[in-house]
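Asker: Build me a model:
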Amino acid sequence: MDIRSLRYFAAVVREQSFTRAADVLFVTQPTISKMVRQLEDELGMPLLIRQGKSISLTDAGKVTLARAEEILQGMLHLKRELADLSELKRGELAFGLPPMVGATYFAPVVSHFCEHYPNIKLKLVEAGSLTVENQVRAGEIEIGIAVLPVNPDDFETFVVVNDPLCLIAPAGSIWHGRETVLLAELTEQPFILYPPDFTLTAHISDAFRLMEKPLHVVGRSAQWDFIAELVAARLGIALLPQRVAQRLNPEKFDIVTLADHDLRWHLALIWRKGSYLSHAARAWIDTTRTVLVLQ
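Answerer: Model prediction:
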């Protein structure tokens, strides 16, 4: 059933004239007549009683008019709701990010987004980078932050951060005063590491494996401030992104840049390759570009 036939039929009843209905809808009178006749043929019964210049409804016409008005109103509401979505007057966005990323990098992005798009419901899902990848791949969340590299066959990416890692050791350590250090110099040390589902955990473990050295893990946490406190308590050393390390008290810690260029905190927005991006997700990418990348 063509929705135009319902619109034309309702106009004829409202205007009580095929000619006036045609004028209102900016079509020809024969077009109106043809569409109403096709509607009657499709429904298998007459809808209008034509008596001279007057038009009245059959019983079937009364039922059809009531339903036609509901459908036409529904279409009007649909167009308005879709317009609201495109203009970001409503909607929602599920966004995944690793715990350490949130406070360090994305708090100002969230603040800017909520200020400019107050009617978009933002759902933040905290999880390790590998979990975020799996959730985006499965369509559970639309967009997220992951540590690069990711599979280019699965994801589109937009790079937002590329920081070196830093060795975090208790103040007065053997690395005090050093500007850089190699991972190979740390192979005998106990590490405070991230949870197993963190991509950075996999990268560090792979680096030790290539050196054919065991990685001695004495504790794990997803929270950078707790990792730092464990280091301050002299339980082990840690590797933190430079921007996180800069937030630590330099009187409590020795902070030395890791010279291994293949071990970096390389973050990107990711979304499924070839998938439709909602208007809210596109606005999030634009907000990230404005607030984070251009800082």
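
Asker: And the spatially most central residue of the chain, how close does it get to G52?
Answerer: Nearest residue to the geometric centre of the chain (C-alpha atoms, centre = their mean): I143, 3.2 Å. Using C-beta to C-beta, to the nearest Å, we find I143 at a distance of 64 Å from G52. All C-beta spots, glycine's among them, are computed from the backbone N, C-alpha and C.

Asker: again with I285
Answerer: 63 Å.

Asker: For these two, indicate the residue with more neighbours.
Answerer: I285 (16 against 5; other C-beta atoms under 10 Å).

Asker: Which residues are in contact with that one?
Answerer: Contact analysis of I285 by C-beta atoms under 8 Å, 6 or more residues apart in numbering lists 143, 158, 269, 277.

Asker: Filter those down to the buried ones and express that as a ChimeraX selection.
Answerer: Written as a ChimeraX command, the selection of buried residues from these, which uses 16 or more other C-beta atoms under 10 Å, is:
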select :143,269
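
Asker: Out of the contacts of I285, the closest to L39 would be?
Answerer: Distance to L39 across the contacts of I285 (C-beta to C-beta) is lowest for L277, with 39.0 Å.

Asker: Tell me which helix or strand the closest residue to the closest one other than its chain neighbours sits in.
Answerer: The shortest distance from L277 to any non-neighbouring residue, by C-beta to C-beta, 6 or more residues apart in numbering, is to W271 (6.2 Å). Here W271, judged by DSSP states H and E, is contained in strand 264-272.

Asker: in its sheet, what does that strand sit against?
Answerer: Paired strands of strand 264-272, with direction, are strand 143-147 (antiparallel), strand 155-170 (antiparallel) (DSSP bridges).

Asker: Look up how far S17 lies from the residue in the chain sticking out farthest from the centre.
Answerer: Using C-alpha atoms, centre = their mean, the residue of the chain lying farthest from its centre is G52. It sits 61.1 Å away. According to C-beta to C-beta, G52 and S17 sit 12 Å apart.
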